[in-house]
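K.L.:
Mind folding the following:
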Amino acid sequence: MAEFLSLAQGIEAVLSDGCSVAMEGFTHLIPHAAGHEAIRQGRKRLTLIRMTPDLVYDQMIGMGCAEKLVFSWGGNPGVGSLHRLRDAVENGWPNKLELEEHSHAAMANAYEAGAANLPFAVFRGYKGVDLPKVNPKIKSVTCPYTGEVLATVPALRPDAAIIHALKADREGNVLLEGIVGVQKEAVLAAKRSLVTVEEIVDDFGERNANAVILPSWTVTAIAHVPGGAYPSYAHGYYKRGNDFYIAWDKIARERDTFAAWMKANVLEQGPEAFARYAEARKVAA
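P.N.:
Residues are numbered from 1 along each chain as shown. Below is the predicted model of the structure:
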């Protein structure tokens, strides 16, 4: 059953040095506050897993948290490169970063296989492409019924999954609405999970047709962190900070400007800063 903890306690409960961790969320509900807390706690040698690593992983990589990245696309959405990711891969700063690249379809299927406690995912894909030449984990099987050759990848079973959601009720059930990526699958596939939420409520009330509810028994810990997805957005709560994505390109381009920004805005700040960001971009009711 989910335990209600502070953000600091939640990171301590699910994430330790050397872990594999999936911090998922697609455009919407990206767990930035949790990533910042992992940085403040000095987590090291992490294998970071995410379909679309963007700013939060750029920050964690630049602060020396990671030794490997498992992903299917990486960049600053709508802006360009992730400069700290590029520096780690090309120059080994601050650590050399190993890459394991997949397609979106492979990652999504691998999470589903992990959630189902299967050893690998099988799907139609990787036909006529070069990625299998650089990723030896991409293999194939022949269907015993049709003879069709199908692609396979190992199941994703992270040590920890960390996501941001809209609401938790007081029994520890979690609600996600809006754009929903692979958060559900990541939590079900992981050994431990932390969910940060915008608010804790008595009842979820009326729900959208695409609502996802994670039962309390699937979640290890819940932390109340208003604004915890900023600069991504939370459906019905606050808008995306497009200006920050643009600004990050200049901040992260050089090591010195990156380090100064992280010191002032992460190492010397706490999760309460995210509530201020969210309030400034609050969606009118």
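
K.L.:
What's the mean pLDDT across stretch 93-111?
P.N.:
Across stretch 93-111, pLDDT averages out at 97.

K.L.:
Pull out the buried positions in it.
P.N.:
94-95, 97, 100-111 (16 or more other CB atoms under 10 Å). For the C-beta atoms, the positions are set from N, CA and C on the backbone; glycine is no exception.

K.L.:
Could you do stretch 5-15 as well?
P.N.:
Within stretch 5-15, judged by 16+ other CB under 10 Å, the buried ones are Leu5, Leu7, Gly10, Ile11, Glu12, Ala13, Val14, Leu15.

K.L.:
roughly how far is it from the heart of the chain?
P.N.:
16 Å (CA atoms, centre = their mean, to the nearest Å).

K.L.:
Run through who's touching that stretch.
P.N.:
Outside stretch 5-15, the residues within contact range by CB atoms under 8 Å, 6 or more residues apart in numbering are 3, 21, 33-34, 37-38, 40-41, 43, 46, 159-160, 162, 192-194, 196, 220-223, 225, 228, 271.

K.L.:
run the last query once more with 6 Å
P.N.:
Stretch 5-15 has contacts (CB atoms under 6 Å, 6 or more residues apart in numbering) with 21, 37-38, 41, 43, 160, 192, 194, 220-221, 223, 225, 271.

K.L.:
Please tabulate the buried residues of stretch 5-15 in TSV, including the columns secondary structure, distance to Val134 and pLDDT.
P.N.:
What follows is the buried residues of stretch 5-15, written out as TSV (DSSP: H, G, I helix; E, B strand; the rest coil; distance: CB to CB, whole Å; pLDDT from 0 to 100):
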residue	secondary structure	distance to Val134	pLDDT
Leu5	coil	40	98
Leu7	helix	37	98
Gly10	helix	36	98
Ile11	helix	33	98
Glu12	helix	36	98
Ala13	helix	36	98
Val14	helix	31	98
Leu15	coil	29	98
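
K.L.:
Between the two ends of stretch 187-205, how far is it?
P.N.:
With CA to CA, to the nearest Å as the measure, stretch 187-205 spans 23 Å from end to end.

K.L.:
is it fair to say Ala252 lies in a helix?
P.N.:
Yes: per DSSP: H, G, I helix; E, B strand; the rest coil, Ala252 lies within a helix segment.
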